[in-house]
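Novice: sequence plus the predicted model coming up.
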Amino acid sequence: MAPVDSRVPVLIATWLDSRHAERIAAAEPDRIELIYEPELLPTTRYEADHHGPPRPLTEEQRLRWQNHLGRAEIAFEFDWERPEELLKRAPRLRWVQATSSGIGPLVEHLGLAGSPLLITNAAGIHAQPLAEFVLLTALYFAKEMPRVNTWKAERHWERFCGQEVFGSRMTLIGLGRVGSRIAVLSSALGMEVTGHRRTTGGQTPPGVSRLVDAAGLDAVLPETDILVIAAPDTPETTNLIDRRRLALLPAHAVVVNVGRGSLIDEPALIEMLQAGRLRGAGLDVFAKEPLPADNPLWAMPNVIVSPHSASTVVQENDRLVDLFIENLHRYLDRRPLVNVFDHARRY
């Protein structure tokens, strides 16, 4: 009788370059069976695209994909075809590594909230590019780029006086991996960073000069030059920056959102930007995505509109695979995994 293959089936459920798949296979060659058929997965539009257009499959290909799901114990990303039926279609599945960080709403939408399925997220993978987007926005307005761009289009030459970001005051909502990286890079440029989190106890993160909790947030907003939102989407953070809090900001303040669109009152933000009650905004996330063509934000010269792409860089998949391999070793050795999704906190 042929020996039974005791290797753990690992399914790659999103596009990866072949070299990434080879790295995963080589990480545990004796303990895993890697299942990777790119021709069964959605197409990719750009590097690190994990949500590309579905590929039309033949009936035979659909059956193959269903068979792979049915065998998998570990999956790199959720099922792309019918993710809401994941537990039914993948009854042996024990662990999913997601490619995004803020997956709370997705987990709830898929009916996986509170399930026994072990889910790990990509927290920290996108910290550097998102921090760079925050710095881009801060410098964009300090260096008067809306004015410079307008004058360039008009071929208008007129000298003016700009500003430095050095010495400006940032209020940073969210001090996770992304927020912590924002604080370090911003303070390195001389910005004074006030960090907001639910409690002020514990160690102050590097780059943060002081901490405030929910009760202290209102007091620091009137002295804020740059308000940065980098918190996850949870019931506690929904509409955290509402109309009242936006009104507390000084008229020269700039708002940057790299968290989720649900954290800010977007209609109120638009009104205040149009009225000159706020200087500008750098937005990577929105209340509705894709951003509707008739949304006023598109036409506003004092707004940077990024199509939820500030986190996506060519290094992303290298970092995701590094994380997955580390967790793969831990899983097979029955050790705690990194970035385990907390169902209670929704992140």
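Specialist: On my side now, so go ahead.

Novice: so who does the residue nearest to the spatial centre of the chain touch?
Specialist: Against the mean C-alpha coordinate of the chain, by C-alpha atoms, centre = their mean, the closest residue is Ser101 at 5.1 Å. Applying C-beta atoms under 8 Å, 6 or more residues apart in numbering to Ser101 gives the contacts 121-126, 177-178, 232, 347. Any C-beta I mention is one placed from the backbone N, CA and C, and that applies to glycine too.

Novice: could you look up the SS state of Gly282?
Specialist: Per DSSP: H, G, I helix; E, B strand; the rest coil, the secondary structure class of Gly282 is strand.

Novice: hey, what's it bridged with?
Specialist: On the basis of DSSP bridges, Gly282 is bridged to Val256, Ile304.

Novice: pretty sure it sits against Ile229.
Specialist: No - between Gly282 and Ile229 there is no contact under C-beta atoms under 8 Å: 10.5 Å.

Novice: shared neighbours of those two, anything?
Specialist: In contact with both Gly282 and Ile229: 255-257, using C-beta under 8 Å, 6+ apart.

Novice: of those residues, which is the most crowded?
Specialist: Neighbour count (other C-beta atoms under 10 Å) singles out Val256 as the most crowded of the shared contacts of Gly282 and Ile229, with 29 neighbours.

Novice: wait, that one touches Val134, no?
Specialist: Yes - counting by C-beta under 8 Å, Val256 does reach Val134; the two are 5.3 Å apart.

Novice: for stretch 68-86, buried residues please.
Specialist: Across stretch 68-86, burial judged by 16 or more other C-beta atoms under 10 Å covers 68-69, 72-81, 83, 86.

Novice: between these, which is nearest Ser311?
Specialist: Distances from Ser311 to those, taken as C-beta to C-beta, are shortest for Glu77 (15.8 Å).

Novice: about what we covered before: between the contacts of Ser101, identify the one with the most neighbours.
Specialist: When neighbours are taken as other C-beta under 10 Å, the top entry among those is Val178 (29 neighbours).

Novice: what about the helix or strand containing that residue, average pLDDT?
Specialist: Using DSSP states H and E, the element containing Val178 is helix 177-188. Mean pLDDT, helix 177-188: 98.

Novice: what's it packed up against?
Specialist: helix 127-142, strand 169-173, strand 192-196 (3 or more C-beta pairs under 8 Å, 6 or more residues apart in numbering; DSSP states H and E).

Novice: export those to JSON lines and tack on distance to Pro42, mean pLDDT and mean neighbour count?
Specialist: Listed next are the helices and strands packed on helix 177-188 as JSON lines, based on distance: least, C-beta to C-beta, whole Å; pLDDT from 0 to 100; neighbours: other C-beta atoms under 10 Å:
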{"stretch": "helix 127-142", "distance to Pro42": "23", "mean pLDDT": "98", "mean neighbour count": "21"}
{"stretch": "strand 169-173", "distance to Pro42": "33", "mean pLDDT": "98", "mean neighbour count": "23"}
{"stretch": "strand 192-196", "distance to Pro42": "37", "mean pLDDT": "98", "mean neighbour count": "23"}
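
Novice: need those in CSV (columns: distance to Arg19).
Specialist: Shown next, in CSV, are the helices and strands packed on helix 177-188 (distance: least, C-beta to C-beta, whole Å):
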stretch, distance to Arg19
helix 127-142, 21
strand 169-173, 36
strand 192-196, 38
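
Novice: which one of those lies nearest to Val305?
Specialist: Per C-beta to C-beta, nearest to Val305 of these: helix 127-142, 11.4 Å.

Novice: so what touches that closest one?
Specialist: 146, 162-165, 168, 170, 177-178, 180-182, 184-186, 189, 191, 226, 228, 230, 254, 256, 258, 279-282, 284, 302, 304, 306, 310-313.
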